[in-house]
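In: Coordinates only, no sequence provided:
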């Protein structure tokens, strides 16, 4: 990501994603260093977990399927000038709102199903969490309207005031002594403000034309991505189930503290992928889109691979400093999860989504889940909890290699057209070599 160069829709979306993540992280840090009771902080974090668990997969699928459809669908004719108001955006808003309503109704009628998570039944304001789920998800469309309209600076300005206001609305009431539920009320208030702004953007850029055929096309393209996101997102829960079934609660806590990716890698990779999806709207744009992916991913590799490699050296020290000596073993898990960068920074899935070949992504996700379970159960016998993490790293890479192979053999798109192979293989070999040297104690850090 070139922060020093001209702001464009790719790095603006990446910065926007970092602002979102940074705001939630900063809220957690503020609460952790305040007089707010740990139990109350736990209720707030659990509320966010529930909101994410019931919505992340379909929001991802709907947004990702909209981007390639924006200028290339069977329902609406593309305006050559690009100035006409877009009925695609309006209908995508209806789809997002419909899914939000279904999620809200599901939460209301199946509230007891959340009691599987320890502590949920003690959340007195759980209905507020459900309202937040209803109101917050359509607002995700705002940044993608800016993306599709190539309004990069406007996106960043919106991100700054939106997340700045969220920080104030969530933290200030609680810091002034109000109950933790006011943090969720703050989330609801900022969601309403975002919906109002979304209404302004819809009036400005969207054509209010309801279309069943476009909605059918949108959902048809999105369902494989929704299911794929659900399967991929469930991998961490499957790993947790396997570990909890083989070890005691203390060991499970050690695993959970360590089973974390470097957020910067995931956020910047997803930002690049989503920003590139509209670039596959026509056949003559594909070659240029591949070149952009190659160049942008090379830039990310030059930043993120060295950063991840350095973190390998200091992960043990950092974990002890942050969580104490009892969680030093979590660093071993985290070191394995740092290797996920090898699969994150190649983008065969972006090409497939852009070209509307989403079913192969769904198939690869089923392979990922089946292989993850079997390989985790095998490796846990020899390497313990670390074996489960190793299985995850291997499976994620296998999934990407399947998609790379499909692009090559079915679509005749060579890996070198969108992957900077020399740079990628060098950094991959480097980070694996450093990992092996540290893991086998050939290099010792004191």
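Out: Received the coordinates, thanks. Given the structure is predicted, the values throughout are model-derived calculations rather than measurements. Residues are numbered from 1 along each chain as shown.

In: For burial, what's the neighbour tally of residue 72?
Out: Look at residue 72: counted by other C-beta atoms under 10 Å, it has 18 neighbours. C-beta: built from backbone N, CA, C; applies to glycine.

In: Just checking, which helix or strand of this structure averages the lowest pLDDT?
Out: helix 249-258 (a mean of 74; mean pLDDT, DSSP states H and E).

In: Touching, residue 354 and residue 276? I think so.
Out: Yes - checked against C-beta atoms under 8 Å, the pair residue 354 and residue 276 is within contact range at 6.9 Å.

In: what sits in contact with each of the two?
Out: residue 289 (C-beta atoms under 8 Å, 6 or more residues apart in numbering).

In: follow-up on the earlier one: and the least confident helix or strand of the chain, what's buried?
Out: Of all the residues in helix 249-258, those buried under the rule 16 or more other C-beta atoms under 10 Å are 252, 254-258.

In: Kindly provide the distance from residue 290 to residue 307.
Out: 26 Å (C-beta to C-beta, to the nearest Å).

In: for this structure, longest helix please?
Out: When the chain is parsed with DSSP state H, its longest helix is helix 286-323.

In: and the very next helix or strand once past that helix, how far out from the chain's middle?
Out: Going down the chain from helix 286-323, the next helix or strand is helix 330-338, by DSSP states H and E. Relative to its parent chain, helix 330-338 has a centroid offset of 19 Å by C-alpha atoms, centre = their mean, to the nearest Å.

In: Check stretch 328-344 too.
Out: Worked out by C-alpha atoms, centre = their mean, stretch 328-344 lies 17 Å from the chain centre.

In: for stretch 53-73, same thing?
Out: Distance, centroid of stretch 53-73 to centroid of chain: 13 Å (C-alpha atoms, centre = their mean).

In: repeat for stretch 436-445
Out: Taking C-alpha atoms, centre = their mean, one finds stretch 436-445 lying 32 Å from the centre of the chain it belongs to.

In: quick one: buried residues of it?
Out: For stretch 436-445, the neighbour count (16+ other C-beta under 10 Å) marks residue 438 as buried.

In: got the contact list for that stretch?
Out: Residues contacting stretch 436-445 (C-beta under 8 Å, 6+ apart): 312-314, 316-317, 332, 335, 434.

In: Likewise for stretch 91-107?
Out: 54-55, 58-59, 62, 66, 114, 129-131, 133-135, 137-138, 140-141, 198, 202, 206, 209-211, 214-215, 218-219, 222.

In: Any idea how many residues pack against residue 177?
Out: Around residue 177 there are 9 residues (other C-beta under 10 Å).

In: Just to check, residue 108 is in contact with residue 130?
Out: Yes - the criterion here is C-beta under 8 Å, and residue 108 meets it with residue 130 at 6.1 Å.

In: The host helix or strand of residue 30 - what's its average pLDDT?
Out: Using DSSP H and E, residue 30 sits in helix 9-32. Throughout helix 9-32, pLDDT has a mean value of 88.
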